[in-house]
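Chemist: 3D, please:
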Amino acid sequence: EAAVARGVVETNAMVDQTVKDPEKAKQAKAILQDIVAEVKSSAQTSRAFHEQMAAMNADYDAKPEQFTKVLDEMNNARMASATKILGLRFKMRALLTAQEWNELTGAMDKTRQRYAPKEGSK
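Modeler: Coordinates of the predicted model:
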C-alpha cells in the first residue's frame with residue numbers, strides 16, 4: 001500500500017512536469033487514480049479466487065469441474081479488468097498530445113526500471 005501511494009505521488013509529479021495545461025493534468029491524474037483503483041480491485045478479486053482454490057485443494061472430494069469453474073471465473077475477471085485498464089490507457093492517450101504521451105511514458109519507464117529486479121538477483 002505504501003509503495004502504491006509512493007508510485008501515485010511520483011506519477012502525479014511526472015504528469016505535472018509533462019502536461020502543461022492544468023486542466024488536462026487534472027484529468028490525467030484522475031484517470032491514473034481510476035487505473036490504480038482497478039489494479040487494487042483486481043488484486044483483491046484475484047486473492048479471493050486463490051482462496052477458493054486453496055479451499056478446494058484441501059477438499060479431498062473436490063471435482064476437477066469445480067477447479068475449472070473457478071479458473072474460468074478468475075480468467076474472465078482478469079480479462080475484464082485488463083480491458084478496463086486498457087480503455088483507461090486509451091482515454092488518457094486521447095487526452096494528451098503525442099509529445100506529452102511520449103514524455104510521460106518515457107518518464108514512467110525510467111521509474112519502472114529503478115524498481116525492476118537487477119539482473120541475476122531474485
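Chemist: need the contact list for K24.
Modeler: Residues in contact with K24, defined by C-beta atoms under 8 Å, 6 or more residues apart in numbering, are 95-96, 100. (Glycine included, C-beta is placed from N, CA and C.)
Chemist: Which other helices and strands does the host helix or strand of A3 contact?
Modeler: Applying DSSP states H and E as the criterion places A3 in helix 2-18. With contacts defined as 3 or more C-beta pairs under 8 Å, 6 or more residues apart in numbering; DSSP states H and E, helix 2-18 has these neighbours: helix 22-58, helix 98-115.
Chemist: How about stretch 107-115, which residues are buried there?
Modeler: 107-108 (16 or more other C-beta atoms under 10 Å).
Chemist: Check stretch 40-50 too.
Modeler: 42, 45, 49.
Chemist: tell me the contacts of the second one?
Modeler: Taking C-beta under 8 Å, 6+ apart, we find T45 in contact with 77, 81.
Chemist: how does it look with 7 Å?
Modeler: Going by C-beta atoms under 7 Å, 6 or more residues apart in numbering, T45 touches A77.
Chemist: Could you tell me the angle between the helix or strand where L86 lies and helix 22-58?
Modeler: L86 belongs to helix 64-95 when assigned by DSSP H and E. Calculated by axes from the mean of the first three to the mean of the last three C-alpha atoms, to 10 degrees, helix 64-95 forms an angle of 170 degrees with helix 22-58.
Chemist: From the chain's centroid, how far away is helix 64-95?
Modeler: 11 Å (C-alpha atoms, centre = their mean, to the nearest Å).
Chemist: Good, we can wrap up now.
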